[in-house]
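Asks: mind folding the following:
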Amino acid sequence: MPKANLITLTDPRSAAAEAYRTLRTNLMFSSVENPIHTLLVTSTAESDDKSTVLANLAVTFAQSGNKTILVDCDLRRPSQHDIWGISNERGLSTMLIEDTAMSTPPLVSTEVDNLQVLPTGILPPNPADVLSSQRMAALIGVLKARANYILFDAPPVLAATDAPLLASKLDATLLVVRAGHTRRDHTARARQALERIHVRIVGAVLSDAPKESTGSYYG
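Replies: Here you go, the predicted structure:
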């Protein structure tokens with residue numbers, strides 16, 4: 001069963017769930033000429049709710065009838081396996097070291113039609129090197145052949161170099177900003193770090209906001 005923070009499943013008629021659906025639609029139609037198929041979701045610092053936001057967003061993509069894969073690339077503090085209540089023994093790291101896993105990815109089906117999760121698997125000692133490798137680029141290509149949308153969970157931008165390295169391989173990046181928690185200067189620094197390597201930032205989502213603006217999105 002999903003955790004209570006998967007509001008798109010536990011209370012699909014709520015304003016918060018509707019906000020996630022609006023965010024999904026905005027992302028799907030953000031650019032007709034340069035559509036988004038691979039999206040990185042990250043935050044500026046720890047405890048910014050990025051993993052919960054991503055899980056809920058993945059649900060809405062799947063519910064729209066699109067095959068969706070949620071990939072946990074937070075090789076430092078993974079949480080998607082906890083959110084979904086699945087094993088973390090095999091996953092992303094398995095694909096990076098086993099050729100058979102690359103051809104048959106250890107994707108985990110969820111109770112949501114069209115949604116599969118690729119957990120991190122065993123955590124490697126060198127996350128940044130792993131995410132910047134050619135093998136990782138090949139892995140992204142394998143997943144793109146299996147789904148309409150692939151959503152990636154990455155460590156906070158200011159916590160490690162992982163997010164920018166991975167973002168450079170994907171179509172776009174979405175920043176999660178936690179209301180009343182995320183520092184403005186941290187957000188500016190995170191954006192600069194991504195723009196420095198010409199990452200396409202499509203906007204930000206405000207989490208833990210007052211009800212009238214919960215899950216609001218700006219491009």
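
Asks: now do the same for Val112: helix, strand or coil?
Replies: Counting by DSSP: H, G, I helix; E, B strand; the rest coil, the backbone at Val112 sits in coil.

Asks: distance from stretch 175-194 to the middle of the chain?
Replies: 17 Å (CA atoms, centre = their mean, to the nearest Å).

Asks: quick check: end-to-end length of that stretch?
Replies: 10 Å (CA to CA, to the nearest Å).

Asks: give me the below-cutoff pLDDT ranges for the protein.
Replies: 1-4, 46-48, 179-182, 185-186, 208-219 (pLDDT under 70).

Asks: the helices in it, which residues?
Replies: 7-10, 15-28, 50-63, 80-84, 92-97, 99-103, 127-131, 134-144, 162-167, 184-195 (DSSP state H).

Asks: show residues contacting the last one.
Replies: Residues outside helix 184-195 that contact it (CB atoms under 8 Å, 6 or more residues apart in numbering) are 42-45, 156-158, 163-164, 167, 173, 175, 177, 201, 204. For glycine as for every other residue, the C-beta is placed from the backbone atoms N, C-alpha and C.

Asks: so which of those comes closest to Thr60?
Replies: Nearest to Thr60 among the contacts of helix 184-195, counting by CB to CB, is Ala204 at 17.3 Å.

Asks: need the contact list for the closest residue to the closest one other than its chain neighbours.
Replies: Nearest non-adjacent residue to Ala204, counting by CB to CB, 6 or more residues apart in numbering: Leu175, 4.3 Å away. Residues in contact with Leu175 (CB under 8 Å, 6+ apart) are Thr42, Ser43, Thr44, Val157, Thr187, Ala190, Arg191, Ile201, Gly203, Ala204, Val205.

Asks: what about the fifth one, how many neighbours?
Replies: Burial of Thr187, expressed as a neighbour count using other CB atoms under 10 Å, amounts to 19.

Asks: how far away is it from Phe152?
Replies: To Phe152, Thr187 is 20 Å away according to CB to CB, to the nearest Å.

Asks: what of the third one?
Replies: Counting by CB to CB, the gap from Thr44 to Phe152 is 17 Å.

Asks: swap in Leu143?
Replies: Applying CB to CB, the value for Leu143 to Phe152 is 9 Å.

Asks: if I read this right, Asp113 contacts Ala62, doesn't it?
Replies: Yes - shown here, Asp113 and Ala62 form a contact pair, counting by CB atoms under 8 Å, at 6.5 Å.

Asks: the more surrounded of these two?
Replies: Ranked by neighbour count (other CB under 10 Å), Asp113 and Ala62 place Ala62 first, with 25 against 11.

Asks: the more buried one reaches Val117, doesn't it?
Replies: No - here Ala62 lies out of contact with Val117, judged by CB under 8 Å, at a distance of 10.7 Å.

Asks: next one: phi and psi at Val157?
Replies: The phi and psi values for Val157, taken as degrees, to the nearest 10, are phi -60, psi -40.

Asks: burial check on the closest residue in space to it that isn't next to it in sequence, number of neighbours?
Replies: Leaving aside its chain neighbours, Val157 sits nearest to Ala190 (3.9 Å; criterion: CB to CB, 6+ apart). Ala190 has 26 neighbours, counted by other CB under 10 Å.

Asks: likewise for Thr104?
Replies: Using other CB under 10 Å, Thr104 has 11 neighbouring residues.
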